[in-house]
Each structure stands twice: as C-alpha cells, then as structure tokens.
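Peer 1: below are the sequence and a predicted model for it; my questions follow.
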Amino acid sequence: MIPLSWYLILGAALFCIGIYGVFARRNAVAILMAVELMLNAVNINLVAFWRYLTPEKSTGMAWAIFVLTVAAAEAAVGLALVISIYRSRDSIIAEDMDLLKN
Amino acid sequence: MTHETLTILTWLIPAGPLLAFFVIVLFTNRSRTLSWMVAWAGVFVALILGWTVALNTAAVGVHHLEEHPTVASGAIPWIPVGDFFEGTWINIGVAVDPLTAVTLIMVTFTVTMIFIYSVGYHNWGAPLGKILGVPNHLQEEPLLSRFFAFMSLFAGGMLILVVADNLLLLFIGWELMGFTSYSLIGFWYAREYHLGPGDIPHIPPYKASVKAFMTTRVADVVMLLGIVFFYFEFGTMNFNEAFTPESFELVLNAIGPVAIGAMALMLFTGTVGKSAQFPLHVWLPDAMEGPTPVSAVIHAAAMVSAGVYFLLRIFPLLAVASGPLGTQTVSYIIAGIGAFTALMAATIAISQNDVKGVLAYSTISQLGFMVAAIGIGGYVAGAFHLITHGFFKALLFLASGSVIHGMEHGAHEVHDHHTDPQDMRYMGGLRKKMPITFWTFLIGGLALAGLPLITAGFWSKDEIFAEAWYLWESDGSLLPLIVFVMLAIAAFLTAYYTARQISMTFLGKPRTPLAEHAHESNAFMTIPLILLSVFAVIAGWAGIPENFPGIGPVINLNYFHHFVGATIYKLMEELYELHLVAHPIETLPFNMEPLITSLVVALGGLFLGWWIYGRKPLKEGESDPVAGPLGPIYTFLYNKWYIDELYERVFINPTTYVSEKVVYQAMDKTVIDGILHSVARGFYGFGYYVKRFEEVVISGGVDKLKDGFLDIAEEFRQLQTGRVQEYALISALIAVALIAVVLLINYGWFGQFF
C-alpha cells in the first residue's frame, strides 16, 4: 500500500504550486485557478488523512465535499467578479485592479 | 479470449480518447498537427479494442449468450455509502453483453470516420485562419487543437456510457457528453449572423450551445431524481444485479405499479432530453450551428443514440412497469411521445431549406421511430434501427458537410459572402461537381428513406413495422396499431423529404454561381464517406428475417435479432413466466401487411418527392412548389409548428417578466430597499442628534487627536497599494511567521527537528 506520506507530499507540492501561481501570475483567472489548486491540495490531505487514520468515519470525505462545494461557489463568484471588472476596466491583470490604492 | 482479458480490454476502450484529451490539453495544444494525430490515435485504439471486444462477444455463440449474456464484467468499489462498518460501497464497473457489442461496433467506427473527416473539414494544411471563434473558409481552423480535445472527450464520454454496468457511471458519461456537446456546438463562439428577409433563420452558435445545454439539463434533473429513486428501491445501480425476477417482484410489491411507472417515466425523461423527443426536441435543430463533424457525432453516432441506448439498457424495467402488473400508461406515454415526435419532425423536415436542418429534423424523427418501437415493446427493433441509423445518418451529415464545403469553395471563387452556402435553394446540379459526395449522399439518403431490399434503413424500419403489426394482431391492443399508422405516415414523409433534398441539392442545373463553382472535397473527407456508405448498406443485412420471402430462407438466420435479443432473452422469459411482462423476446412471424406498408411508403415517398422536385428541378429564384398549394399549412411547418415561439411565450417571457417586475421591482426595489431606506432614515435622524452632541461637546478635544491620527495615516497609506497579490504575500508571510513562532514556543530553537 502507498504510504500516507506520499499523499501528503503530493498535497504539499500542489499547494506550493498553487501559492506560487497566486503570487506570480498576473492574469486574474489564472490566480483563481491557482486558488483552486490550493483548495484541491487541501482536499487531497483531507481524503488521505481520512482514509489512513479514520476510514470508519465519513467525516474526512464530508469535509472534502464541503471544500469542493465552497470551491465551486468561489469559482463562480470569482469569475463573475473578473467578468465585471473586465467590463469596467478592460483588463484582467491583477496589478491593474488597484481601485483601493492609497 | 478469457473473461478477464475481455474485461481489461473493455476498461481500456474509453481510455484511449480520454487520454488523448488530456495529452492534447496538457502537452500538444500548441501543435495543431500533433493534436489531431493524438486524437486519431485515441479513437483508433478505441476502434480496435471495441471491435475486438464486440467480435469476441459474437464468437461466444447465440445459444450460450442467451443463457449468459454478460461476457465480460468487472467492478471496483468507488464510494462508501450508508453504514460504514458494514462496508457498503457504490461500485463502478464495466460489462459487455450483445447490446454493448453492437453499439460498440457502430459507435467506434462512426466516431473514427468522423475524426478522419474532421481533419479535412477544418482544412488542415491550408494557410492558417486569422480570426478565432468563427469559421475561416478554406483556411486551417486556428483552434483545431481545442476541437480535437473536446471531440476526444466527447468520444470518451460516449464509450464510458456504452460499457458502463451501472446507472451512475452511465450518467457520468451522459453528462460528459452534455458538457462537451455544449462546448462543441458553441465552438464558433464569435460567429454572428446578419440575416436578410427570406434567409434561413439561424441563431448564433453561443446561443445554440446554451439552449442545448439548458434544455437537456431540464431532462437530466428529472433523470437524476429517477436514478436516486431507482437506487433507493432496488438497492443497487448495477443493471445485472437490479434486473432479476426476484428484485422486480420485491420492488413491485413494495411500491406498487404507479410508483414503478413513475420511476420508469422519470428515467425516460432523460432520454426525452438527450434524444430530442417532443417536447424537449427544440435544442437539436439549433445545435446544427456547430461544425458539421460535431453535428454528425452528436446527432448520429453518439449523443442522441445514448438516449435510446439508455432506454434499451433499462428495457426490463420499462417492460415490467408497463406489464400486466404495472400500468399501461407507461407504454402509452413512451410510444406516444415517440410516434408523435417521429410524425411531427417528419412534417417539419419537408419544409426546411437548410441542408443540415432537414437532416436535423430527420434525426429527431428517426429517434422517434426507435422510442416508439421500444415503447410498444420492440426491443430488438429499436436496437436495430439505432445501429443502422447511426451509420447512415453519420454518412448523411458528413456528406452534407462536404456539400457545404464545396459551396463555400464556390463562394470563395466568386467572392460572394452573402449567399448562405447551406441553403438548398441556392444549390442544384452538384451531382456533376461533387460526384463522390453525390453517390454517398444518395446511398445514405436511400438508406434513410428505406429503399427496399438493399439498404440498411429498410430492414430496420421493416422490423419496427413488423413488431408493431405483430403486437397488434396478437394482443389486439390499440397502441401498436396507432403507432404503426403514425410511423407509416412518418416513413412516407421521410422518403419524400429525402427525395426532395437529393433533388434540390444535386439534380438539375446550378442555381447560383456558388453551386456553379463548387468542387469535390479532399480525400480526408471523401474516404470516410465511402467507408460509411458501405456500412449504410450492409449493416441491414445482419437482420434479415428468416421467413422473409425469397431472401430469408437463403440466409436462414436473423442474426441481429437473436444476437441482440440474447441480451435479455433469459430474463424476459423468466419475467414472462411470472406474468410480470406481456411478451418475452420472440421471433416474429412473417406478415405481408407490414412488408407491403414499408414498400409502399418508401417507394411512394421517394417517387412523390422525385416527381415534385426532381422531374423538373427548381429554377433560379423559384420558390418551393408545394408552398402555394399547402398555403398556411406550409407556413406552419416552415415555422416548425411555432414551438420555439410557444416556449418563448410560455416559459421565457413569463420568467423574465417575473424576474423584472416581481423580483426586481416589487421585491428588491420596494420591499427590501424600503426596509433598508427606513432603517437608514431612522439612523439618519439619530445621527443628527449625535452630530449636534459631537459638535458641541466633543469636537474641540477630539480634533487634536484626529490630527495626530491623520499624520500617522498619511505615513501608513503608502502601504496600501491596492494590489491583491501583495496583500496575499503579506498574509502568507505573516502566517509563516506565526507558524514559526508556534513551533518555536513548542519545540524551542533546536527542539525535535535536530
């Protein structure tokens, strides 16, 4: 059987890729995608811990499904925000979205 | 081949196209050439594996299959449900029985042909098109990689659905196709039409894709509820486990005939949406806005067939629900919807001028044939027509795409970009210009019309007629007779509009410079046409009845009937002995009446169509010769029974009205805003007195404090860059710092790390 740590390493790697994406990408949609990556990394951890530590309870899976639901809602809201900001400012570059500056 | 080997091969059938999707999306998307090659590899693997599995199933032999129809099956546990200590799991798996085998043969072959054709259709090798999201005539499609990625995903979804052994996996494939059909119908997302009077009405592809998605969604929600109901009652979603005489008796006793009928009809609703049956057929004609290979794959080989395939999969449930202990209403509704759809769509098809529009309504009509056949209990007849129709309708769509391609060629040469290259009124005389397309279209058209003895369509339609006639004669119930009559009229109209279409497109003289300058398409397009036309003829020979006069005794084996019938032969026998179903799977006796009917309607329709449109072809600018005599009926048919307009009035307008007037004006503006405004007024009044108090009492003292804060804030506002990523970075750094602090407190500097 694959040891638990492999899943955790995969989760950590995905999470780091996600963090890198959030910081480094300029495109707001790409940033949203990176956030999704981070959420899914968390999901992998949740499911892995559930499967290895408490497989008799469904809590880990239920958590993961909650995260999925929230992620879907987040994607919907986030994309709607991106579309609306694209309509008003004609750009989806995160650096241009500085309405709150100073 | 052993059971295990076959099972592994079956698992791998959908894997090819699915893998191709991921490879294209992740790696090869920058190279259009590499992308189509990867997609080809995926479907070729599926073709080889699919045919291997299917032929191995056939090699088992009919008598053995009748006892043990499932030749390969395997499942893995997927989702734990219910009591976890008990270890109940939802399994997903694959299973192969004769129905799967014949569907695999049809689906993998047609899909492969369509993939080959697509390379030519999108002008691979021509100069690259410049504009994204619109058809670039005679130039290579710039989004070719995306096209093949979605096509691969679509094919993968269909193959998952075909090999699935349970409702859940089937539904996954079903929804995969729902999504990919949405993205493929809207492939030319930036296309807009500027229509003049008299032009064929088109809606832009992005609207068509939303329409298709939303319409099928309505049906899929009901179907999902049906699946939940099914799982709740049967305790399993696996077909082989659920469909046993014992579980049928249990469920029937537990919930009664009405509830099981409702379950059957909820599942049937999924088919109504996916296979475009009345009243949810409206998405299919507009789905023609996709590229023609997409039309072929959606409307012939895969998606619409999936609906009928699903009905065949749950056929035992339908048979029990409408059986002696069930309620007849189920079969009346299914067969009624099917027969009505077949007739309605055929009447619309005789008035359409769009070369693909005629085929769209013809598809709806032919699907109605299958649904009606299944509704009255003709399992094999429905399956047979499903297979033959898959072949010849894919051929017809691809051939019509070739025609449009040729017309666009002509348009390019004469620099005419206003004439609609899909409008049959502007064609004519293409027989000489595009000979391969003409002959293959002719073969496909004759198969659709059911030209006796030779073509596939004749044998499968004849089987439906024979089934309906036999059921009427043996039971004396009215339903099969009504279905028989309606389908006979629909078949007559089918032959008629096919003759009309062929005459208007290919015969006579070119009516526009476009048709004058049309060219035959390239080999990528013509070779699939030729291969498909072979199957459009010979696919029917597998199902020639033993007792058919002349030919029958020579062949002496209705192979298709026994092979596909074997899928549920034993189950139906057992159910029949328990008086749960009205009929087992039985060999039909030969009757003269249905044969004469199908001969008369096919030949009569073809002759009438030729007599009106082919004998003296339309002149340039001449209107449809039947428009005058039919008068308002023609207008009614031309406008598709005004069903879209009806839905606009009944569903869409009230919805927008309610959201505008009730939700926005009354609720939002009046009630919620009203509450907020009065609260605001209250606070405003309160604030006035606070303000007075502040001005009089505190102002002086606080002003100084304020100035001090302002000075500090002036310094700090520099930090406020407004850039979300910098904020995120700061948050992350602080989080890391906090974690470091916690670790330090817990473990000290060197703690347990070293």
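Peer 2: Structure received. Not measured: the values here are computed from a predicted model.
Peer 1: which residue does the stretch 651-754 of chain B bring closest to chain A?
Peer 2: Using CB to the nearest CB, the closest approach of the stretch 651-754 of chain B to chain A is made by residue B:722 at 3.3 Å. (Glycine included, C-beta is placed from N, CA and C.)
Peer 1: just say helix, strand or coil for that residue.
Peer 2: coil (DSSP: H, G, I helix; E, B strand; the rest coil).
Peer 1: next one: it from residue A:32, what distance?
Peer 2: Going from residue B:722 to residue A:32 by CB to CB, to the nearest Å gives 19 Å.
Peer 1: likewise for residue B:307?
Peer 2: Taken as CB to CB, the span from residue B:307 to residue A:32 is 35 Å.
Peer 1: which one's more surrounded, these two?
Peer 2: A count of neighbours by other CB atoms under 10 Å in any protein chain shown puts residue B:307 above the other of residue B:307 and residue A:32, at 25 against 21.
Peer 1: residue contacts, the residue positioned nearest the centre of chain A?
Peer 2: Nearest to the geometric centre of chain A sits residue A:36, at 2.5 Å (CA atoms, centre = their mean). The contact partners of residue A:36, by CB atoms under 8 Å, 6 or more residues apart in numbering or on different chains, come to A:18, A:71, A:74-75.
Peer 1: 6 Å - rerun?
Peer 2: By CB atoms under 6 Å, 6 or more residues apart in numbering or on different chains, residue A:36 lies in contact with residue A:71.
Peer 1: chain center to the helix or strand where it lies, what's the gap?
Peer 2: Using DSSP states H and E, residue A:36 maps to helix A:28-53. In terms of CA atoms, centre = their mean, to the nearest Å, the centre of helix A:28-53 is found 6 Å from the chain centre.
Peer 1: now it: mean pLDDT?
Peer 2: The pLDDT scores in helix A:28-53 average 91.
Peer 1: number of nearby residues for the closest residue in space to residue B:124 that isn't next to it in sequence?
Peer 2: In space, and not counting its chain neighbours, residue B:124 is closest to residue B:140: 5.8 Å by CB to CB, 6 or more residues apart in numbering or on different chains. When neighbours are counted by other CB under 10 Å, residue B:140 registers 17.
Peer 1: the helix or strand that the helix holding residue A:36 is followed by packs against which elements?
Peer 2: The helix or strand immediately downstream of helix A:28-53 is helix A:59-89, counting by DSSP H and E. Counting contacts by 3 or more CB pairs under 6 Å, 6 or more residues apart in numbering or on different chains; DSSP states H and E, helix A:59-89 packs against helix A:28-53.
Peer 1: outline the domain layout of chain B.
Peer 2: B:3-191+B:208-623, B:639-714, B:721-754 (automatic domain parsing).
Peer 1: ok, residue B:14 - contacts?
Peer 2: B:156, B:159-160.
Peer 1: same thing but at 7 Å, please
Peer 2: B:156, B:159-160, B:163 (CB atoms under 7 Å, 6 or more residues apart in numbering or on different chains).
Peer 1: distance of it from residue B:170?
Peer 2: 12 Å.
Peer 1: residue A:47 now?
Peer 2: 25 Å.
Peer 1: quick one: which of these two has more around it?
Peer 2: residue B:170 (25 against 18).
Peer 1: I'd say the more buried one and residue B:161 touch.
Peer 2: Yes: counting by CB atoms under 7 Å, residue B:170 does reach residue B:161; the two are 5.3 Å apart.
Peer 1: export stretch B:686-702 as PDB, just CAs?
Peer 2: In PDB, the C-alpha atoms belonging to stretch B:686-702 read as follows (Å, rounded to 0.1, in the frame of the first residue of the first chain):
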ATOM      1  CA  PHE B 686     -30.500  59.600  15.300                       C
ATOM      2  CA  GLY B 687     -27.200  60.600  13.700                       C
ATOM      3  CA  TYR B 688     -28.400  64.200  13.500                       C
ATOM      4  CA  TYR B 689     -28.600  64.400  17.300                       C
ATOM      5  CA  VAL B 690     -25.400  62.600  17.800                       C
ATOM      6  CA  LYS B 691     -23.800  65.100  15.400                       C
ATOM      7  CA  ARG B 692     -25.100  68.000  17.300                       C
ATOM      8  CA  PHE B 693     -23.800  66.500  20.600                       C
ATOM      9  CA  GLU B 694     -20.400  65.800  18.900                       C
ATOM     10  CA  GLU B 695     -20.100  69.300  17.500                       C
ATOM     11  CA  VAL B 696     -21.000  71.000  20.800                       C
ATOM     12  CA  VAL B 697     -19.300  68.700  23.300                       C
ATOM     13  CA  ILE B 698     -16.500  66.600  21.900                       C
ATOM     14  CA  SER B 699     -15.400  68.400  18.800                       C
ATOM     15  CA  GLY B 700     -12.700  70.500  20.400                       C
ATOM     16  CA  GLY B 701     -10.900  67.800  22.300                       C
ATOM     17  CA  VAL B 702     -11.100  65.200  19.600                       C
END
